[in-house]
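J.: Here is a sequence with its predicted model. Questions after.
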Amino acid sequence: MEKRVDIQKPLEQLEGFEWPAPPDDATGFAKAAQSLYKRPIGSLNAHELSRLIGQDIGLPWLLPIAVKILRETVDDQHLTGFYDDDLLTAVLTRKSNVWRSHPHLVADLKEIIPLLKAISPYIQADIQGFLTEAET
């Protein structure tokens with residue numbers, strides 16, 4: 001069973017690690033990631049989550065939030081024709097060790113995936129990769 005996490009806390013507090021300020025010549029992503037690391041995780045939007053998850057930052061706390069967003073928005077896909085492919089890809093492309101640690105999220109994603117309609121071949125490849133990684 002997944003323990004409850006206070007979404008008002010930033011990753012910095014949840015992980016117990018203070019991310020030092022990036023140097024002046026750091027990349028835009030490094031500066032953005034450091035800023036996101038200091039914000040309450042409940043305030044992060046899908047794009048911000050996908051950026052952090054795609055870099056394997058804060059996965060124990062961010063993956064459950066991301067899967068919740070994916071579940072909540074899957075029904076909107078057929079109405080709007082839009083689904084957050086960036087967040088879906090960031091989640092699906094994590095390695096097998098992540099999924100072994102979070103089998104409940106694997107089960108959730110396996111329920112969400114069949115509900116997706118008209119997804120691109122790129123996302124199909126990510127889905128197949130996820131299913132393979134989740135089984136190993």
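T.: Cool, the structure landed.

J.: start to end distance for stretch 108-126?
T.: End-to-end distance for stretch 108-126, by CA to CA, to the nearest Å: 16 Å.

J.: swap that for stretch 114-123, please
T.: 13 Å.

J.: and what of stretch 8-27?
T.: 27 Å.

J.: average pLDDT for that stretch?
T.: The pLDDT scores in stretch 8-27 average 92.

J.: Which helix or strand in this protein has the lowest average pLDDT?
T.: helix 77-80 (a mean of 68; mean pLDDT, DSSP states H and E).

J.: Heading C-terminal from that helix, find the next helix or strand.
T.: Counting by DSSP states H and E, the next helix or strand C-terminal to helix 77-80 is helix 85-92.

J.: helix or strand right after that next one?
T.: Immediately after helix 85-92, counting by DSSP H and E, sits helix 96-101.

J.: tell me the mean pLDDT for the very next helix or strand once past that next one?
T.: With elements assigned by DSSP H and E, the helix or strand that comes after helix 96-101 is helix 103-112. Averaging pLDDT along helix 103-112 gives 96.

J.: what inclination does the following helix or strand past helix 103-112 have with respect to helix 85-92?
T.: Later in the chain than helix 103-112, the nearest helix or strand by DSSP H and E is helix 121-135. Between helix 121-135 and helix 85-92, the angle comes out at 20 degrees (axes from the mean of the first three to the mean of the last three CA atoms, to 10 degrees).

J.: can you give me the offset of helix 121-135 from its chain's centre?
T.: A distance of 15 Å separates the centroid of the chain from that of helix 121-135, by CA atoms, centre = their mean, to the nearest Å.

J.: buried ones in that helix?
T.: Ile123, Asp126, Ile127, Phe130, Glu133, Ala134 (16 or more other CB atoms under 10 Å). For the C-beta atoms, the positions are set from N, CA and C on the backbone; glycine is no exception.
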